[in-house]
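A.B. asks: prediction below, plus the sequence it came from.
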Amino acid sequence: MKTIQNILICVAALALPPAVRGDDEAVVKSDSVKIGRAANGETILTIDEATQKRIGLAVANPSAADGLQEIQATGQVLDVSPLVDLLGEYRKAQITLESSRRELERARQLKQDDNISERAAQEAEAAYGLNRVAAGTIASKIKSGWGNKVLEKIGPPPVALAAERSPDSFLQALSDSMILIRVDLPAGQRWGEAAPAARIFSLAQKTGPVSAVFFDVLPVVNSQTQQQGALFVIEPARASRLMPGESITARIVPSGELPVKGVMIPAEAIVRHDNQGWFFVQTSASEFTRRSVPLEQPSATGYFCADLAATNRIVVVGAQTLLSAELSEGDFNSGQRD
(Lines give C-alpha, C1' and ligand atoms only; values in the text may rest on other atoms or scores of the structure.)
Protein backbone atom coordinates (compact mmCIF):
# COMPACT_ATOMS: atom_id res chain seq x y z
CA MET A 1 0.00 0.00 0.00
CA LYS A 2 2.84 2.36 0.90
CA THR A 3 4.49 1.58 -2.44
CA ILE A 4 1.40 2.69 -4.35
CA GLN A 5 1.26 5.90 -2.29
CA ASN A 6 4.91 6.67 -3.06
CA ILE A 7 4.30 6.22 -6.80
CA LEU A 8 1.30 8.57 -6.69
CA ILE A 9 3.40 11.18 -4.85
CA CYS A 10 6.17 11.00 -7.51
CA VAL A 11 3.66 11.34 -10.38
CA ALA A 12 2.10 14.35 -8.70
CA ALA A 13 5.51 15.96 -8.28
CA LEU A 14 6.36 15.52 -11.96
CA ALA A 15 3.08 17.15 -12.92
CA LEU A 16 4.01 20.36 -11.08
CA PRO A 17 5.35 23.38 -13.07
CA PRO A 18 9.16 23.46 -13.54
CA ALA A 19 9.56 26.46 -11.24
CA VAL A 20 7.90 24.52 -8.44
CA ARG A 21 9.99 21.39 -9.07
CA GLY A 22 13.18 23.48 -8.84
CA ASP A 23 14.85 22.13 -12.06
CA ASP A 24 18.10 23.96 -12.96
CA GLU A 25 17.12 24.01 -16.65
CA ALA A 26 14.03 26.07 -15.88
CA VAL A 27 15.75 29.18 -14.53
CA VAL A 28 13.85 31.17 -17.17
CA LYS A 29 10.39 30.34 -18.42
CA SER A 30 10.12 29.98 -22.18
CA ASP A 31 7.48 32.71 -22.36
CA SER A 32 10.06 35.21 -21.03
CA VAL A 33 11.88 35.08 -24.38
CA LYS A 34 10.35 35.95 -27.72
CA ILE A 35 11.99 34.84 -30.99
CA GLY A 36 11.65 37.01 -34.10
CA ARG A 37 13.35 37.70 -37.40
CA ALA A 38 14.90 40.92 -38.68
CA ALA A 39 14.58 42.11 -42.27
CA ASN A 40 18.08 40.77 -43.03
CA GLY A 41 17.17 37.32 -41.72
CA GLU A 42 18.93 37.58 -38.36
CA THR A 43 17.22 36.04 -35.36
CA ILE A 44 16.16 38.56 -32.70
CA LEU A 45 15.74 37.51 -29.08
CA THR A 46 13.49 39.81 -27.06
CA ILE A 47 14.07 39.48 -23.31
CA ASP A 48 12.51 41.84 -20.74
CA GLU A 49 14.77 43.59 -18.25
CA ALA A 50 13.51 41.59 -15.29
CA THR A 51 14.44 38.35 -16.99
CA GLN A 52 17.86 39.72 -17.95
CA LYS A 53 18.56 40.42 -14.29
CA ARG A 54 17.26 37.05 -13.18
CA ILE A 55 19.61 35.11 -15.51
CA GLY A 56 22.56 37.39 -14.73
CA LEU A 57 22.92 38.81 -18.24
CA ALA A 58 25.71 41.41 -18.53
CA VAL A 59 26.63 43.61 -21.49
CA ALA A 60 29.62 45.85 -22.15
CA ASN A 61 31.34 47.82 -24.90
CA PRO A 62 34.13 45.91 -26.66
CA SER A 63 37.55 47.53 -26.85
CA ALA A 64 38.56 49.19 -30.12
CA ALA A 65 41.29 47.41 -32.11
CA ASP A 66 43.04 47.43 -35.48
CA GLY A 67 43.29 44.29 -37.57
CA LEU A 68 43.94 43.02 -41.08
CA GLN A 69 41.30 41.61 -43.38
CA GLU A 70 42.51 38.18 -44.45
CA ILE A 71 41.62 36.19 -47.56
CA GLN A 72 40.65 32.60 -46.93
CA ALA A 73 41.97 30.21 -49.56
CA THR A 74 42.10 26.47 -50.08
CA GLY A 75 44.98 24.23 -51.05
CA GLN A 76 46.81 20.96 -50.74
CA VAL A 77 50.07 19.56 -49.43
CA LEU A 78 51.90 18.52 -52.59
CA ASP A 79 53.59 15.21 -53.26
CA VAL A 80 57.02 16.37 -54.50
CA SER A 81 58.16 12.99 -55.87
CA PRO A 82 56.92 13.78 -59.42
CA LEU A 83 58.83 17.07 -59.27
CA VAL A 84 61.97 15.33 -58.02
CA ASP A 85 61.77 12.89 -60.95
CA LEU A 86 61.15 15.70 -63.42
CA LEU A 87 64.08 17.74 -62.11
CA GLY A 88 66.28 14.65 -62.33
CA GLU A 89 65.33 14.23 -65.98
CA TYR A 90 66.02 17.89 -66.60
CA ARG A 91 69.46 17.61 -65.01
CA LYS A 92 70.30 14.63 -67.23
CA ALA A 93 69.07 16.55 -70.27
CA GLN A 94 71.27 19.51 -69.31
CA ILE A 95 74.34 17.31 -68.98
CA THR A 96 73.63 15.65 -72.33
CA LEU A 97 73.08 19.04 -73.93
CA GLU A 98 76.35 20.37 -72.53
CA SER A 99 78.18 17.30 -73.81
CA SER A 100 76.74 17.68 -77.32
CA ARG A 101 77.59 21.39 -77.30
CA ARG A 102 81.24 20.58 -76.62
CA GLU A 103 81.21 17.90 -79.33
CA LEU A 104 79.75 20.43 -81.75
CA GLU A 105 82.47 22.98 -80.95
CA ARG A 106 85.11 20.29 -81.44
CA ALA A 107 83.55 19.17 -84.75
CA ARG A 108 83.46 22.73 -86.05
CA GLN A 109 87.13 23.22 -85.22
CA LEU A 110 88.07 19.95 -86.91
CA LYS A 111 86.03 20.89 -89.98
CA GLN A 112 87.91 24.14 -90.30
CA ASP A 113 91.16 22.16 -90.33
CA ASP A 114 89.69 19.59 -92.76
CA ASN A 115 90.18 16.86 -90.18
CA ILE A 116 86.51 15.75 -90.15
CA SER A 117 84.00 14.98 -92.87
CA GLU A 118 81.01 17.14 -93.66
CA ARG A 119 78.69 14.34 -92.59
CA ALA A 120 80.31 14.04 -89.16
CA ALA A 121 80.01 17.80 -88.65
CA GLN A 122 76.32 17.68 -89.61
CA GLU A 123 75.69 14.80 -87.21
CA ALA A 124 77.25 16.78 -84.36
CA GLU A 125 75.07 19.75 -85.32
CA ALA A 126 71.92 17.59 -85.36
CA ALA A 127 72.74 15.90 -82.03
CA TYR A 128 73.12 19.27 -80.34
CA GLY A 129 69.82 20.51 -81.79
CA LEU A 130 67.91 17.41 -80.65
CA ASN A 131 69.34 17.59 -77.15
CA ARG A 132 68.49 21.26 -76.94
CA VAL A 133 64.86 20.54 -77.86
CA ALA A 134 64.69 17.70 -75.32
CA ALA A 135 65.97 19.90 -72.49
CA GLY A 136 63.62 22.71 -73.50
CA THR A 137 60.61 20.38 -73.47
CA ILE A 138 61.34 19.23 -69.91
CA ALA A 139 61.93 22.82 -68.82
CA SER A 140 58.51 23.81 -70.22
CA LYS A 141 56.84 21.01 -68.26
CA ILE A 142 58.49 22.16 -65.06
CA LYS A 143 57.61 25.81 -65.63
CA SER A 144 53.95 25.20 -66.49
CA GLY A 145 53.38 22.76 -63.64
CA TRP A 146 55.64 24.08 -60.89
CA GLY A 147 56.61 27.66 -61.78
CA ASN A 148 59.72 29.34 -63.12
CA LYS A 149 61.48 29.69 -59.77
CA VAL A 150 61.99 25.92 -59.56
CA LEU A 151 64.07 26.10 -62.75
CA GLU A 152 66.15 28.90 -61.25
CA LYS A 153 66.78 26.85 -58.12
CA ILE A 154 68.26 23.88 -59.95
CA GLY A 155 70.97 26.11 -61.40
CA PRO A 156 73.04 25.96 -64.62
CA PRO A 157 74.56 22.77 -66.05
CA PRO A 158 78.03 21.72 -64.84
CA VAL A 159 80.93 23.61 -66.38
CA ALA A 160 83.35 20.72 -66.49
CA LEU A 161 81.92 17.35 -67.51
CA ALA A 162 84.79 15.44 -65.95
CA ALA A 163 84.41 17.24 -62.63
CA GLU A 164 82.34 15.60 -59.92
CA ARG A 165 79.26 17.69 -59.21
CA SER A 166 77.97 18.03 -55.65
CA PRO A 167 74.26 17.21 -55.15
CA ASP A 168 71.86 20.05 -55.85
CA SER A 169 70.78 21.56 -52.52
CA PHE A 170 67.28 22.23 -53.83
CA LEU A 171 66.82 18.66 -55.05
CA GLN A 172 68.23 17.35 -51.80
CA ALA A 173 65.80 19.46 -49.75
CA LEU A 174 62.86 18.30 -51.84
CA SER A 175 63.77 14.67 -51.33
CA ASP A 176 64.52 14.96 -47.61
CA SER A 177 62.34 17.46 -45.86
CA MET A 178 60.93 20.36 -47.88
CA ILE A 179 57.14 20.69 -47.75
CA LEU A 180 55.47 22.43 -50.69
CA ILE A 181 51.92 23.71 -50.33
CA ARG A 182 49.75 24.79 -53.24
CA VAL A 183 47.36 27.57 -52.22
CA ASP A 184 44.54 28.58 -54.59
CA LEU A 185 42.88 31.97 -54.33
CA PRO A 186 39.11 32.25 -54.74
CA ALA A 187 38.01 32.30 -58.40
CA GLY A 188 38.56 35.67 -60.04
CA GLN A 189 41.33 36.83 -57.70
CA ARG A 190 44.99 37.00 -58.70
CA TRP A 191 48.25 36.89 -56.81
CA GLY A 192 50.30 40.07 -56.68
CA GLU A 193 53.97 40.34 -57.53
CA ALA A 194 54.96 40.06 -53.87
CA ALA A 195 52.74 37.52 -52.18
CA PRO A 196 52.74 37.51 -48.37
CA ALA A 197 53.23 34.69 -45.95
CA ALA A 198 50.31 32.41 -45.25
CA ARG A 199 48.94 30.63 -42.19
CA ILE A 200 48.12 27.02 -43.02
CA PHE A 201 45.36 25.11 -41.25
CA SER A 202 45.18 21.34 -41.60
CA LEU A 203 41.70 19.89 -42.02
CA ALA A 204 42.81 16.78 -40.18
CA GLN A 205 44.21 18.63 -37.17
CA LYS A 206 42.59 21.02 -34.73
CA THR A 207 45.88 22.49 -33.58
CA GLY A 208 47.12 25.99 -34.36
CA PRO A 209 48.16 27.19 -37.81
CA VAL A 210 51.56 26.57 -39.43
CA SER A 211 53.42 29.52 -40.99
CA ALA A 212 54.34 29.12 -44.66
CA VAL A 213 56.70 31.25 -46.75
CA PHE A 214 55.78 32.32 -50.29
CA PHE A 215 57.78 30.56 -53.00
CA ASP A 216 56.34 31.30 -56.46
CA VAL A 217 53.14 32.03 -58.37
CA LEU A 218 52.01 29.26 -60.69
CA PRO A 219 51.70 30.52 -64.27
CA VAL A 220 48.64 28.46 -65.26
CA VAL A 221 45.10 28.97 -63.94
CA ASN A 222 43.09 25.84 -63.14
CA SER A 223 40.82 25.40 -66.16
CA GLN A 224 38.00 23.85 -64.12
CA THR A 225 37.91 26.06 -61.02
CA GLN A 226 39.44 29.21 -62.59
CA GLN A 227 41.61 29.57 -59.48
CA GLN A 228 45.20 30.80 -59.61
CA GLY A 229 47.61 28.95 -57.39
CA ALA A 230 50.89 29.74 -55.69
CA LEU A 231 53.51 27.61 -53.98
CA PHE A 232 54.44 28.07 -50.34
CA VAL A 233 57.25 26.40 -48.40
CA ILE A 234 56.98 25.15 -44.82
CA GLU A 235 59.99 24.56 -42.62
CA PRO A 236 60.48 20.84 -41.88
CA ALA A 237 60.33 21.33 -38.10
CA ARG A 238 56.84 22.82 -38.39
CA ALA A 239 55.50 20.46 -41.03
CA SER A 240 55.72 17.11 -39.25
CA ARG A 241 51.96 16.78 -38.98
CA LEU A 242 51.25 17.63 -42.64
CA MET A 243 51.09 14.79 -45.16
CA PRO A 244 51.28 14.84 -49.00
CA GLY A 245 47.84 14.94 -50.56
CA GLU A 246 46.23 16.49 -47.49
CA SER A 247 43.75 19.32 -48.02
CA ILE A 248 44.35 22.55 -46.15
CA THR A 249 42.89 26.01 -45.73
CA ALA A 250 45.05 29.12 -45.73
CA ARG A 251 44.55 32.63 -44.45
CA ILE A 252 46.48 35.34 -46.29
CA VAL A 253 46.82 39.08 -45.85
CA PRO A 254 47.00 40.68 -49.33
CA SER A 255 50.14 42.69 -50.09
CA GLY A 256 49.81 46.34 -49.17
CA GLU A 257 46.65 45.74 -47.13
CA LEU A 258 46.17 48.44 -44.50
CA PRO A 259 44.83 47.74 -41.02
CA VAL A 260 41.06 48.09 -40.62
CA LYS A 261 39.16 49.42 -37.63
CA GLY A 262 37.22 47.01 -35.48
CA VAL A 263 36.86 45.65 -31.97
CA MET A 264 38.23 42.84 -29.84
CA ILE A 265 35.61 40.34 -28.69
CA PRO A 266 36.67 38.83 -25.33
CA ALA A 267 36.85 35.04 -25.15
CA GLU A 268 34.23 34.86 -22.39
CA ALA A 269 31.67 36.44 -24.73
CA ILE A 270 32.04 33.71 -27.38
CA VAL A 271 30.20 30.41 -27.65
CA ARG A 272 30.66 27.65 -30.23
CA HIS A 273 27.95 26.20 -32.45
CA ASP A 274 28.22 24.35 -35.78
CA ASN A 275 32.03 24.61 -35.61
CA GLN A 276 31.86 28.41 -35.58
CA GLY A 277 32.34 31.13 -33.00
CA TRP A 278 29.37 33.34 -32.05
CA PHE A 279 28.63 36.29 -29.80
CA PHE A 280 25.50 38.32 -29.07
CA VAL A 281 25.00 42.02 -29.79
CA GLN A 282 22.47 44.09 -27.86
CA THR A 283 20.51 46.03 -30.48
CA SER A 284 18.07 47.65 -28.02
CA ALA A 285 17.31 47.55 -24.30
CA SER A 286 15.52 44.20 -24.66
CA GLU A 287 16.69 42.81 -28.03
CA PHE A 288 19.73 40.68 -28.86
CA THR A 289 21.05 39.13 -32.08
CA ARG A 290 23.78 36.59 -32.75
CA ARG A 291 26.86 37.36 -34.89
CA SER A 292 29.74 35.16 -36.03
CA VAL A 293 33.43 35.81 -35.38
CA PRO A 294 36.47 34.04 -36.93
CA LEU A 295 38.38 31.97 -34.39
CA GLU A 296 41.53 31.31 -36.44
CA GLN A 297 43.55 34.24 -35.09
CA PRO A 298 43.14 34.56 -31.32
CA SER A 299 45.10 37.15 -29.38
CA ALA A 300 45.82 37.56 -25.71
CA THR A 301 42.69 39.71 -25.30
CA GLY A 302 40.20 37.93 -27.57
CA TYR A 303 39.18 37.74 -31.23
CA PHE A 304 39.20 40.57 -33.76
CA CYS A 305 35.92 41.56 -35.43
CA ALA A 306 35.77 44.24 -38.15
CA ASP A 307 31.96 44.44 -38.25
CA LEU A 308 31.48 46.33 -34.97
CA ALA A 309 32.58 49.57 -33.32
CA ALA A 310 33.48 50.25 -29.72
CA THR A 311 30.08 51.93 -29.30
CA ASN A 312 28.24 48.64 -29.76
CA ARG A 313 27.14 46.59 -26.76
CA ILE A 314 27.86 42.87 -26.58
CA VAL A 315 26.87 40.19 -24.09
CA VAL A 316 29.87 39.34 -21.93
CA VAL A 317 28.01 37.16 -19.39
CA GLY A 318 25.12 34.91 -20.38
CA ALA A 319 25.87 34.27 -24.08
CA GLN A 320 25.50 30.52 -23.47
CA THR A 321 22.00 31.06 -22.08
CA LEU A 322 20.96 33.17 -25.08
CA LEU A 323 22.28 30.59 -27.51
CA SER A 324 20.29 27.86 -25.75
CA ALA A 325 17.16 30.01 -25.86
CA GLU A 326 17.56 30.73 -29.58
CA LEU A 327 18.26 27.15 -30.61
CA SER A 328 15.36 25.77 -28.59
CA GLU A 329 12.92 28.57 -29.48
CA GLY A 330 12.82 29.98 -25.97
CA ASP A 331 13.98 27.03 -23.87
CA PHE A 332 17.50 26.80 -22.43
CA ASN A 333 19.05 23.43 -23.14
CA SER A 334 21.76 23.52 -25.80
CA GLY A 335 25.00 25.13 -26.94
CA GLN A 336 28.62 24.67 -25.93
CA ARG A 337 30.91 27.18 -24.23
CA ASP A 338 34.05 28.17 -26.13
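C.D. replies: Sure, I can see it. Numbers count the residues shown, from 1 in each chain.
A.B. asks: give the helix, strand or coil label for Ser140.
C.D. replies: Applying DSSP: H, G, I helix; E, B strand; the rest coil to Ser140 yields a three-state assignment of helix.
A.B. asks: distance check, it against Ser81.
C.D. replies: From Ser140 over to Ser81 the distance is 20 Å, taken as Cβ to Cβ, to the nearest Å. Placement of C-beta: from N, CA and C, glycine included.
A.B. asks: and what of Phe214?
C.D. replies: The spacing between Phe214 and Ser81, counted by Cβ to Cβ, is 23 Å.
A.B. asks: between these two, who's got more neighbours?
C.D. replies: Counting neighbours by other Cβ atoms under 10 Å for Phe214 and for Ser81 shows that Phe214 has the greater number, 18 against 11.
A.B. asks: mind listing what the nearest residue to Gly318 once chain neighbours are set aside touches?
C.D. replies: Beyond its immediate neighbours in the sequence, the residue positioned closest to Gly318 (Cβ to Cβ, 6 or more residues apart in numbering) is Leu57, lying 4.0 Å away. Leu57 is in contact with 47, 315, 317-318, 321-322, counting by Cβ atoms under 8 Å, 6 or more residues apart in numbering.
A.B. asks: look at Leu57 and report its pLDDT.
C.D. replies: The predicted local distance difference test score for Leu57 is 93.
A.B. asks: ok, the one 4 residues further on next?
C.D. replies: Predicted confidence (pLDDT) at Asn61: the value is 94.
A.B. asks: surely it meets Val315?
C.D. replies: No: taking Cβ atoms under 8 Å as the contact criterion, Asn61 and Val315 are not neighbours in contact, 11.8 Å apart.
A.B. asks: more crowded one of the two?
C.D. replies: A side-by-side neighbour count of Asn61 and Val315, using other Cβ under 10 Å, places Val315 first with 24 against 14.
A.B. asks: on the three-state scheme, that one is what?
C.D. replies: The local conformation at Val315, judged by three-state DSSP, is strand.
A.B. asks: and if you look at Lys34?
C.D. replies: Assigned state for Lys34: strand (three-state reduction, three-state DSSP).
A.B. asks: that one - how many residues pack around it?
C.D. replies: When neighbours are counted by other Cβ under 10 Å, Lys34 registers 16.
A.B. asks: mind checking the backbone torsions on the spatially most central residue of the chain?
C.D. replies: Residue closest to the average C-alpha location in the chain (Cα atoms, centre = their mean): Ala250, at 1.8 Å. Taking degrees, to the nearest 10, you get phi -130, psi 140 for the backbone angles of Ala250.
A.B. asks: so how far is the first residue of stretch 306-323 from its last?
C.D. replies: 22 Å (Cα to Cα, to the nearest Å).
A.B. asks: now do the helix or strand where Gln320 lies, average pLDDT.
C.D. replies: Taking DSSP states H and E as the definition, Gln320 sits inside helix 319-327. Throughout helix 319-327, pLDDT has a mean value of 91.
A.B. asks: what packs against it?
C.D. replies: With contacts taken as 3 or more Cβ pairs under 8 Å, 6 or more residues apart in numbering; DSSP states H and E, helix 319-327 sits against strand 33-37, strand 43-47, strand 271-273, strand 276-282, strand 287-293.
A.B. asks: sketch out the helices for the protein, chain order is fine.
C.D. replies: Remark: helices of the chain, listed N- to C-terminal, are 2-14, 18-21, 49-54, 81-112, 118-146, 148-154, 169-176, 319-327; assignment by DSSP state H.
A.B. asks: tell me which strands and helices the fourth one is in contact with?
C.D. replies: The reference is to helix 81-112. With contacts defined as 3+ Cβ pairs under 8 Å, 6+ apart, the secondary structure elements packing on helix 81-112 are helix 118-146, helix 148-154, helix 169-176.
A.B. asks: that'll do, ta.
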